[in-house]
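Trainee: just coords:
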């Protein structure tokens, strides 16, 4: 090995920044993110602990709403 060569060490992969508040989630994805069942997510909605937003016929959960819910736990 040449005298002035540097040791090659693997670099850590770049961290992925994910700002949850800037995203929207389907009901399935929101339940998966919270690690609960879809039916339990609907129970939380019925108990007014979590709010769904409608886009046409589709229900979504705003990332800000998920963040608010998690902080309330």
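Mentor: Right, received. Where do you want to start? A quick note: this is a predicted structure, and the numbers were derived from the prediction, not measured. Numbers count the residues shown, from 1 in each chain.
Trainee: residues in contact with the lengthiest strand in the chain: which ones?
Mentor: Secondary structure of the chain read by DSSP state E shows that its longest strand is strand 58-62. Outside strand 58-62, the residues that touch it by Cβ atoms under 8 Å, 6 or more residues apart in numbering are 21, 24-27, 30, 41, 50-54. The C-beta positions use only the backbone N, C-alpha and C, and glycine is treated the same way.
Trainee: how about CSV for the residues you listed, with distance to residue 72, pLDDT and secondary structure added?
Mentor: Below are the contacts of strand 58-62 laid out as CSV (distance: Cβ to Cβ, whole Å; pLDDT from 0 to 100; DSSP: H, G, I helix; E, B strand; the rest coil):
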residue, distance to residue 72, pLDDT, secondary structure
21, 15, 80, helix
24, 19, 93, strand
25, 17, 96, strand
26, 22, 96, strand
27, 19, 97, helix
30, 15, 96, helix
41, 15, 98, helix
50, 9, 97, coil
51, 12, 96, coil
52, 16, 96, coil
53, 18, 96, strand
54, 22, 96, strand
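Trainee: ok, of the residues you listed, which one's closest to residue 67?
Mentor: residue 21 (5.5 Å; Cβ to Cβ).
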